[in-house]
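Peer 1: need a 3D model of the sequence below.
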Amino acid sequence: MFQKIEVPFWLGESGTLLNTHLGLVLVNVAFQIGFCTFVLSNFMKALPEEIYESAMVDGTSLWAQFWRLTLPLCRPSLAALATSETTWIYNEFFWATVLPQNGDKFPITSSLTTLAGAFFSDNNLVSAGSIIIALPTLVIYFALQKHCVAGLTMGATKG
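Peer 2: Presented below is the predicted three-dimensional model:
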């Protein structure tokens with residue numbers, strides 16, 4: 001299918017989605033959007049309706065309710081989703097090795113497999129590469145940790 005979909009040549013050398021970063025992005029978006037929709041819809045269904053009723057009484061428009069009420073209340077679930085999706089997509093291996101045909105198009109996690117060959121493997125180099133590759137995921141987790149913990153303790157106290 002990716003060999004048949006034509007794209008401009010500035011997007012891919014072959015003129016198709018195969019061996020392009022866009023093809024890899026589209027596959028990951030297609031596979032992950034269902035999960036994200038499911039998680040966010042269940043979280044939004046659990047929000048109290050009284051908040052929105054009081055906003056309607058105050059004359060708040062539907063878009064203002066979304067921007068001023070729903071998004072701030074969904075911050076913990078969005079942070080949890082951002083952390084998990086970043087980890088899942090960043091560490092995704094199957095599509096990252098099937099769709100790109102050249103080594104320069106491989107994501108960094110798939111390029112790590114080229115450090116270990118069939119006849120020679122430098123374990124020190126693979127270990128160092130693994131640690132470097134893990135750093136962005138850890139940075140994102142620690143940056144969003146505050147929001148994730150706030151989401152876990154959101155309903156812990158009443159009053």
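
Peer 1: all contacts plus neighbour counts: C-alpha atoms, from now on.
Peer 2: Fine.

Peer 1: now the helices: where do they sit in this structure?
Peer 2: Using DSSP state H, the helices found in the chain span residues 21-45, 49-57, 62-65, 71-73, 75-90, 94-98, 108-111, 123-152.

Peer 1: in this protein, which ranges drop under the pLDDT threshold?
Peer 2: Applying pLDDT under 70 to the chain flags residues 150-159.

Peer 1: what do you get if the cut-off is 50, keeping everything else the same?
Peer 2: For the chain, the stretches with pLDDT under 50 are 156-159.

Peer 1: distance to residue 9 and mean neighbour count for the helices of the chain - can I get that in TSV?
Peer 2: Shown next, in TSV, are the helices of the chain (distance: least, Cα to Cα, whole Å; neighbours: other Cα atoms under 10 Å):
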stretch	distance to residue 9	mean neighbour count
helix 21-45	12	13
helix 49-57	49	12
helix 62-65	40	12
helix 71-73	39	14
helix 75-90	26	18
helix 94-98	21	16
helix 108-111	24	18
helix 123-152	31	14
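
Peer 1: and those as JSON lines, adding distance to residue 14?
Peer 2: Output for those, formatted as JSON lines (distance: least, Cα to Cα, whole Å):
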{"stretch": "helix 21-45", "distance to residue 14": "12"}
{"stretch": "helix 49-57", "distance to residue 14": "51"}
{"stretch": "helix 62-65", "distance to residue 14": "43"}
{"stretch": "helix 71-73", "distance to residue 14": "41"}
{"stretch": "helix 75-90", "distance to residue 14": "25"}
{"stretch": "helix 94-98", "distance to residue 14": "16"}
{"stretch": "helix 108-111", "distance to residue 14": "21"}
{"stretch": "helix 123-152", "distance to residue 14": "29"}
